[in-house]
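Q: The sequence and its predicted three-dimensional model are supplied below.
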Amino acid sequence: MPNERTNDGERAVFFGLSVPLVGILVNVVLIVMVNGRISQLENRVHTGHDMLIGKVGEIDSRLARLEERLAK
């Protein structure tokens, strides 16, 4: 019988230590996943911003050419 109590105590200690470690590992995985998604979102926003700046530049050059034609 004393052996069973020792095993129960060891199991309790193991369980008590393993649960927080599993929680920490799950949190690390979630943080890595969120970080990846944020990076993807930043890339999309950066690409969209660059495209918008390019379109504004095109409109600016077209207006400049139109102003030159109207000035003549």
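A: Here it is on my side, so go on. Numbering: from 1, shown residues only.

Q: Residue ranges in this structure under the pLDDT threshold?
A: 1-6 (pLDDT under 70).

Q: those helices in it, which residues are they?
A: Counting by DSSP state H, the chain has helices at residues 2-71.

Q: Show residues contacting stretch 57-69.
A: By CB atoms under 8 Å, 6 or more residues apart in numbering, no surrounding residue is in contact with stretch 57-69. (Each C-beta comes from the backbone N, C-alpha and C, glycine too.)

Q: How far away from the center of its chain is it?
A: Counting by CA atoms, centre = their mean, to the nearest Å, stretch 57-69 is centred 40 Å from the centre of its parent chain.

Q: Also stretch 42-59?
A: Centre to centre, stretch against its chain (CA atoms, centre = their mean), the figure for stretch 42-59 is 21 Å.

Q: for stretch 65-72, same thing?
A: With CA atoms, centre = their mean, you get 48 Å for stretch 65-72.
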